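S.K.: One predicted model, sequence on top.
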Amino acid sequence: MKTKITTLEEARAYRYCAWAGMPKGSPYCEGFCCEEVTETGRGGLYHQCRSKNGHGPAGLYCKRHDPAVVEKREAATRERQNKKWDAEMLKAKLGYHGPVLLAFVKDCAAAGDAKAVKLIADLDL
Ligand SMILES: [Zn+2]
């Protein structure tokens, strides 16, 4: 489904599962979620979600496909992935710049910086 359906008229005008072998597809079935979903194990055929509606714009979506809920879920996934990515980048940066950082900390320790001395001892460097 390219654009989100937000009105009952749009849902009624939409054709589910339209493809070369069935160009007209299937009509919207009222009372059920208007989201178009894939059938698992059926070669990527799309059909209307079989859950009861009552959520989201005009109450056309089920709880799971309510666009606000979907957006929230996707935002949470993005945030989780970004955090993971940031952690991996930091790890890579520390690995790459480790020798320079270690030399810096050792210089600080040699100059009498107590924090640097403690850090070297704590990390057993
Ligand atoms: Zn649904």
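M.R.: That came in fine, so what should we check first? Numbering: from 1, shown residues only.
S.K.: chain center to stretch 25-44, what's the gap?
M.R.: On the basis of C-alpha atoms, centre = their mean, to the nearest Å, stretch 25-44 sits 22 Å off its chain's mean C-alpha point.
S.K.: Is any residue of that stretch near the ion?
M.R.: Yes: residues of stretch 25-44 contacting the ion under C-beta under 5 Å from the ion: Cys33, Glu35. Any C-beta I mention is one placed from the backbone N, CA and C, and that applies to glycine too.
S.K.: in that stretch, what's buried?
M.R.: Residues of stretch 25-44 classed as buried: Tyr28, Phe32, Cys33, Cys34, Glu35, Glu36, Val37 (neighbour count, 16 or more other C-beta atoms under 10 Å).
S.K.: One more: stretch 54-70?
M.R.: By neighbour count on 16+ other C-beta under 10 Å, the buried set for stretch 54-70 is His55, Gly56, Pro57, Leu60, Tyr61, Cys62, His65, Asp66, Pro67.
S.K.: what's it in contact with?
M.R.: 4-8, 11, 32-35, 37, 49, 51-53 (C-beta atoms under 8 Å, 6 or more residues apart in numbering).
S.K.: please redo it, this time with the cut-off set to 7 Å
M.R.: Outside stretch 54-70, the residues within contact range by C-beta atoms under 7 Å, 6 or more residues apart in numbering are 4-8, 11, 33-35, 49, 51-53.
S.K.: Give me the buried entries from these.
M.R.: With neighbours counted by 16+ other C-beta under 10 Å, the contacts of stretch 54-70 contain buried members at Ile5, Ala11, Cys33, Cys34, Glu35, Cys49, Ser51, Asn53.
S.K.: Can you pick out the ones from the residues you listed that are in helices?
M.R.: Counted as lying in helices by DSSP state H, out of those, are Ala11.
S.K.: distance between the ends of stretch 51-61?
M.R.: 8 Å (C-alpha to C-alpha, to the nearest Å).
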